[in-house]
Structures are given as C-alpha cells and as structure tokens.
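**Q** Task: produce atomic coordinates for the following.
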Amino acid sequence: MSSGSQLLWVIYPYIIVIIFLLGLYYRYQTDQFGWTAKSSEILEKKKLRWGSLLFHIGIMLVLFGHIGGLLIPKSWLAAIGVSDHFYHIMAVGAGGFAGVLTLAGCLILLYRRISDPRIRKTSSFGDMLSIIMLTTIVVVGMGATIFNAAGHTDFDYRETISPWIRGVLTFTPDGNLMKDVPIIFKIHVMLGFALFAVFPFTRLVHMLSMPIQYLKRTYVLYRKRS
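**A** Numbers count the residues shown, from 1 in each chain. From the prediction side, this is the model:
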C-alpha cells in the first residue's frame with residue numbers, strides 16, 4: 001500500500017473521529033445554549049417547511065440505506081434470500097428516491113439561506129458550510145450511483161467500501177480494499193467523513209440532542225402583532 005493510500009484510508013478516518021469527539025466535547029463545554037438547530041422559522045416559513053420536510057425524510061431514508069449497504073455483510077443478506085439483483089433494484093430505486101428527496105430539500109434550504117436577506121444575514125459560516133457540504137455530498141453520491149448503474153460496471157461497493165468501513169469501525173482498516181474503487185465513490189466517502197469533522201461546530205449537533213418530548217409537544221405558534 002502506498003503512503004498516500006495509508007494516509008487516506010487508514011489514518012484519515014481516525015483523524016476525523018478524533019476531531020469529531022473532541023469537537024463535541026468542546027462544543028458542549030463552551031456552548032450548551034447554542035446546541036440547537038437555531039430555528040429561523042420566525043423569519044421565513046414557506047420554503048423552510050418544504051425544505052426541512054423533504055430533507056429530513058430523505059436523509060433518514062439515506063441513513064438507513066447506508067447502514068444496510070455498508071454495515072450488513074453481503075453474505076448475510078444472501079443468507080436470508082436477498083439476491084444481488086433484488087438488492088441492486090432496491091439500491092437504485094429506493095436509494096435514488098431518497099436521494100432525490102434529500103437533494104430537493106438541500107437545494108430549497110440552500111436557496112432560502114442565500115436568497116432571503118434576513119436569513120443570509122443571520123447565517124453563520126457553519127450554517128453555510130454545512131448545507132453546502134450536505135448538498136455536495138448528496139450530488140456526488142447520486143452521481144456515483146448513476147455512474148455505476150448506467151455504466152453497467154462490475155464494481156460492487158459491498159465487496160470493497162463496505163468491508164473497508166467495517167474494518168475502520170473495528171480498528172482493522174484494510175486500505176487495499178479501496179485501491180480499485182472508482183474516484184467518484186472515493187470522493188463521496190472522503191466528503192462524508194469530512195462532514196463529521198465540521199459536525200460539532202455547526203447546527204448539525206442538534207441531531208444528537210432532539211428531546212423525545214418534541215414528538216408529543218404542541219406546535220410553537222408565531223403571530224404578528226396586531
């Protein structure tokens with residue numbers, strides 16, 4: 001394995017993990033009151049409603065899809081009768097649908113943040129960076145899926161990226177597994193990890209602290225003064 005591959009596929013993931021954990025600790029110790037999604041609903045509602053709805057539904061489906069595709073070994077799915085053909089159809093069909101929802105949400109939220117002067121003025125660098133990174137990651141991820149599906153290549157990420165990421169999680173990463181992975185998949189993976197590095201310093205931290213009672217609470221109503 002070259003030193004570059006060693007750096008990217010063995011060392012880089014753990015540098016990101018360290019930044020992620022230390023960043024969360026630092027943020028919690030220094031900015032507990034800022035540990036929120038910093039709602040801007042009071043400034044603009046319509047685009048936020050659609051953008052947030054599409055994004056959150058889409059990203060949850062994408063998350064479940066990635067867990068199924070990356071963390072569950074191919075042999076396990078085969079053992080319960082999930083054929084490669086069926087998996088491929090689900091990955092392209094359901095995964096593509098989830099990607100479109102997520103991308104639509106990202107684009108609406110990004111447009112809202114750029115086009116509305118009040119939203120733009122109250123946006124931090126972290127707000128802009130996180131939505132731009134999310135949009136880029138989704139675009140590259142969908143591009144990788146389309147590239148693989150349309151190109152009819154023999155590449156199977158469940159035999160390369162999936163065992164590599166499981167190796168990272170079990171502290172036994174094998175960088176050689178990433179050697180022949182198409183560049184667009186490598187960019188998607190690297191950007192995905194990079195998002196974890198900025199995660200603690202942005203509004204994305206609210207993902208880790210959503211109170212369960214939010215699911216049952218009454219809506220917060222904003223009314224104009226008469």
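**Q** low pLDDT regions in this protein?
**A** Scanning the chain for pLDDT under 70 picks out 151-153, 210-222, 224-226.
**Q** what ranges do the helices span in it?
**A** Per DSSP state H, the chain carries helices over the ranges 3-6, 12-30, 46-66, 74-79, 84-115, 117-122, 125-151, 161-169, 183-198.
**Q** quick one, which of those is nearest to residue 208?
**A** helix 12-30 (7.6 Å; C-beta to C-beta). Every C-beta, even on glycine, is put in place using the N, C-alpha and C of the backbone.
**Q** tell me the angle of that closest one relative to helix 161-169?
**A** Interaxial angle, helix 12-30 versus helix 161-169 (axes from the mean of the first three to the mean of the last three C-alpha atoms, to 10 degrees): 50 degrees.
**Q** which strands and helices sit next to helix 12-30?
**A** Packed against helix 12-30, as judged by 3 or more C-beta pairs under 8 Å, 6 or more residues apart in numbering; DSSP states H and E, are the following elements: helix 183-198.
**Q** Would you indicate which residues of the helix it packs on are buried?
**A** By 16 or more other C-beta atoms under 10 Å, the buried positions in helix 183-198 come out as 184-198.
**Q** of those residues, closest to residue 96?
**A** Once C-beta to C-beta is applied, the member of the buried residues of helix 183-198 that ends up nearest residue 96 is residue 188, at 14.7 Å.
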